[in-house]
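> Just the structure for this:
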Amino acid sequence: MADLLNIGASALLSLQRAISTTGNNIANANTPGYTRQDVLFAATPAERQGDSYLGTGVRIDAVRRNFDQFLASDVQSRTSASSGLNLLSDFSARLDALLGDADVGISPALNDLFGALEGVASDPASLPARQVLLGEAEVLAQRIQGLDRRLSDFGAEIGTRLEAGVREINTLAANVASLNEQISLGVATTGSASSGLLDSRDRALEELSSLVGVTVVPRNDGAVNVMIGNGQSLVVGSDVTELAISRDPTDATRLNVVLADAPAQGPIDRFISGGELGAALSFRGGVLDSARRELGVLATGLAMTFNSQHRAGVDLQGQMGGDFFAPPEPVVLPAGSNSAGVTLTAELVDAAALTGADYRLDYDGSQWTLRNQQTGASQALPSGSSVVDGVRFDLPGAAVAGDSFLVQPTAQAASRFGLALSSPAGIAVAGPLQVAADPANLGSANLGPVSAGASAALPLGSPVVLTFDPDALGPGLPGYQVSGAAGGPLAYDPAVDAAGKVVSLGDLQFRLSGEPVAGDSFSLRDTPAGSSDNRNGLALAELQAAPTLAGGTASYQDAYSTLVSGVAVASRQAQSEADTASVMLAQSVSARESVQGVNLDEEAANLLRYQQAYQAAAQVIAVADTLFQTLLAATRR
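Now for the predicted structure:
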């Protein structure tokens, strides 16, 4: 009788636990991160009676947590990818929209500038036309500066996200470490850990994976180690390695991620991947920095080439043209530990060769090493002057080992882009020299357009006269005698050169043709004030389509179009990858939930099954009671 009662009682107790567990599953069906639990039954040890063994009832062997580490890791990985790509897609789409905005983009302003330039070339003496050109140039400068500010705003927003992300990562890491400690204590004392603690840790790890890519390594004591990026430890048992934010020493507006206990080791940005933090760093170091470099190259190249051509012309007052745009200058940042008195200078010399990269120069005691900060390529440079990628570096010879400099040729060009010219009369539209044939000439000779080299001594001050002499270079050796300038006489034989011959006179170059007779002459004179000459204006207008950038392969518009299209491609790619990652995440979550999620239909079936078993167990006790009462009644007779 006692055995029957014990069997029934054990069944009732076990089934009560099973019903409670099932009820708890149902109650937490909508609890985020809850892992379904199952009750595992086991028979209690049988007792030997004679030659047989009789069962003694049932017990709860374990309450199993339906958890799959592989599926959990897959969800963490997919969460990291999806959240990161969604943020990357959002940033890229916003930047794409910004560059394509007609009210912000540079393309319309470039077209308007050259349209106004054509107006000045059509009427060089018109002050209103010149004023319109200055106005359009100012609009272009504002567009370039404004776009650079908007790109800087993106950088500031990323910095804000980095600060918030690092704070949240540190909080979650501390939470995981605390849960690790509690779980390890439970395992050490009872041999198992609370399902609630395990669920809480899994939720924290999933939240952490949305912020940064994580690798979770289970330990024998129930705790887990968490690593981020390429293996940097974040949580080891109950210990946390906190992250921190530091300002870039070369750009105070740029924030970097460092280890809180070892900031001197420098930024760990390049080791961080995945999640929103990795995506923010990836966008800044890729799409955003590339856009800013390309904008800087465009602003620098535009100012350099336009200024160069403008200086070759003459303004309305008869003066040689100056800089039209503010001339760009490289930024040179010496290291704080440099020896006293050591200076390095840099100069922009070739717009077509500029790459937009920053350069670090280090001196080891015997030679300088230049390192491209974007590509990582390095090369040795001697002391003195060297030209690399369109930049002339004048390296000091008195440096000592350890001296270093950071040179940013174009980094600040867009923010500093502006006009150097303020007076409409100062626009140099006219060519510097005018050619006049003596009205008394009898031959058919011509002297073509004159071009002046960059070092030509202009204005001339007094006319330069070329007079044809059949014996200019000796008897029977014809040419032109030159007065007013050094470099003559100039060989020219009408019998051979009548079709045309390009000759040089110092830094002046021009074309002679035709058949002069003795005494025929031409004069080269400075273009006077108020001239309606438009030759330099036409040359400036030709810059619109001239391949002056990217190694002589791209015009201003081409360079900007490359910038815009590069961002557009990155935006479309990020959106496509984000869509794919969202689908993959949904599939991973579905696979995980099929194992550890609560299925209400299944739980209802279990509840009914346990209820029926409970009723049957109660009936066993009732039978035992009936038998016992029968036995008592028999003994009272």
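> Which residue ranges of the stretch 351-500 of the chain form strands?
359-363, 368-372, 378-381, 384-388, 391-395, 404-408, 433-437, 446-447, 451-452, 464-469, 479-483, 490-491 (DSSP state E, counting those that start in this stretch).
> Show me the strands paired with the longest one, marking each as parallel or antiparallel.
Think strand 464-469. According to DSSP bridges, strand 464-469 forms sheet pairs with strand 479-483 (antiparallel), strand 521-526 (antiparallel).
> ok, and what's touching that strand?
Strand 464-469 is contacted from outside by 443, 445, 447, 478-485, 488-490, 492, 505, 516-524, using Cβ atoms under 8 Å, 6 or more residues apart in numbering. (C-beta placed from N, C-alpha, C; glycine too.)
> how about residue 504, phi and psi?
With angles defined as degrees, to the nearest 10, residue 504 sits at phi -120, psi 140.
> The nearest residue to it once chain neighbours are set aside and residue 325: what is the separation?
Using Cβ to Cβ, 6 or more residues apart in numbering and skipping the chain neighbours, the partner closest in space to residue 504 is residue 487 (7.8 Å). Counting by Cβ to Cβ, to the nearest Å, the separation of residue 487 from residue 325 is 34 Å.
> Those two: which is more packed in?
The residue with more neighbours, out of residue 487 and residue 325, is residue 325; 22 against 13, by other Cβ atoms under 10 Å.
> In this structure the more buried one contacts residue 307, no?
Yes - under the criterion of Cβ atoms under 8 Å, residue 325 makes contact with residue 307 at 5.9 Å.
> what touches both of the two?
residue 420.
> Pairing partners for the lowest-mean-pLDDT helix or strand in the chain, with directions?
The helix or strand of the chain with the lowest confidence, counting by mean pLDDT, DSSP states H and E, is strand 451-452 at a mean of 76. Strand 451-452 has the following strand partners under DSSP bridges: strand 508-513 (antiparallel).
> so where does residue 183 fall, helix or strand?
Here residue 183 sits within helix 127-190, counting by DSSP states H and E.
> for residue 278, that is, sorry about that
helix 275-283.
> after that helix comes which helix or strand?
Helix 275-283 is succeeded, C-terminally, by helix 289-311 (DSSP H and E).
> CA atoms only for that following helix, dumped as PDB, please.
Provided in PDB are the C-alpha atoms of helix 289-311 (Å, rounded to 0.1, in the frame of the first residue of the first chain):
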ATOM      1  CA  ASP A 289      36.700  60.100 -46.400                       C
ATOM      2  CA  SER A 290      36.900  59.200 -50.100                       C
ATOM      3  CA  ALA A 291      34.300  61.900 -50.900                       C
ATOM      4  CA  ARG A 292      36.100  64.500 -48.800                       C
ATOM      5  CA  ARG A 293      39.400  63.600 -50.500                       C
ATOM      6  CA  GLU A 294      37.900  63.900 -54.000                       C
ATOM      7  CA  LEU A 295      36.200  67.200 -53.100                       C
ATOM      8  CA  GLY A 296      39.500  68.500 -51.800                       C
ATOM      9  CA  VAL A 297      41.300  67.400 -55.000                       C
ATOM     10  CA  LEU A 298      38.600  69.100 -57.100                       C
ATOM     11  CA  ALA A 299      38.800  72.300 -55.100                       C
ATOM     12  CA  THR A 300      42.600  72.300 -55.200                       C
ATOM     13  CA  GLY A 301      42.800  71.500 -58.900                       C
ATOM     14  CA  LEU A 302      40.200  74.000 -59.900                       C
ATOM     15  CA  ALA A 303      41.900  76.800 -58.000                       C
ATOM     16  CA  MET A 304      45.400  75.900 -59.300                       C
ATOM     17  CA  THR A 305      44.500  75.500 -62.900                       C
ATOM     18  CA  PHE A 306      42.100  78.400 -63.100                       C
ATOM     19  CA  ASN A 307      44.600  80.700 -61.300                       C
ATOM     20  CA  SER A 308      47.400  79.600 -63.600                       C
ATOM     21  CA  GLN A 309      45.500  80.500 -66.700                       C
ATOM     22  CA  HIS A 310      44.100  83.700 -65.100                       C
ATOM     23  CA  ARG A 311      47.700  84.900 -64.300                       C
END
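> Report the buried residues of that helix.
For helix 289-311, a neighbour-count test (16 or more other Cβ atoms under 10 Å) marks 289-307, 309-311 as buried.
> returning to what we had before: and the average pLDDT for the helix holding residue 183 is what?
The average pLDDT for helix 127-190 rounds to 94.
> Next: stretch 612-624.
The model assigns stretch 612-624 a mean pLDDT of 86.
> what pairs with residue 408 across the strands?
Applying DSSP bridges, one finds that residue 408 bridges with residue 331.
> Now do the buried residues in stretch 350-360.
Buried residues in stretch 350-360, counted by 16+ other Cβ under 10 Å: 351, 352, 353, 354, 355, 356, 357, 358, 359, 360.
> out of those, what pair is the most spread apart?
352 and 360 (23.4 Å; Cβ to Cβ).
> before we move on, the earlier item: in this structure the residue nearest to residue 504 contacts residue 509, no?
No - when contacts are counted by Cβ under 8 Å, residue 487 is not listed as touching residue 509 (11.5 Å).
> can you give me how far stretch 180-190 is from the chain middle?
In this view, stretch 180-190 has its centroid 44 Å away from the chain centroid, taken as Cα atoms, centre = their mean, to the nearest Å.
> And for stretch 198-212?
28 Å.
> so residue 243 touches residue 168, yeah?
No - under the criterion of Cβ under 8 Å, residue 243 is not in contact with residue 168, lying 10.3 Å apart.
> Who has more neighbours out of those two?
Between residue 243 and residue 168, counting by other Cβ under 10 Å, residue 243 is the more crowded of the two (23 against 17).
> Kindly provide the distance from residue 271 to residue 255.
Using Cβ to Cβ, residue 271 is found at 16 Å from residue 255.
> What of residue 348?
Distance of residue 348 to residue 255, computed by Cβ to Cβ: 29 Å.
> so the helix holding residue 278 versus helix 289-311, what angle?
Taking axes from the mean of the first three to the mean of the last three Cα atoms, to 10 degrees, one finds helix 275-283 and helix 289-311 inclined to each other by 20 degrees.
> which SS state does residue 255 fall under?
strand (DSSP: H, G, I helix; E, B strand; the rest coil).
> Sweet, I'm off.
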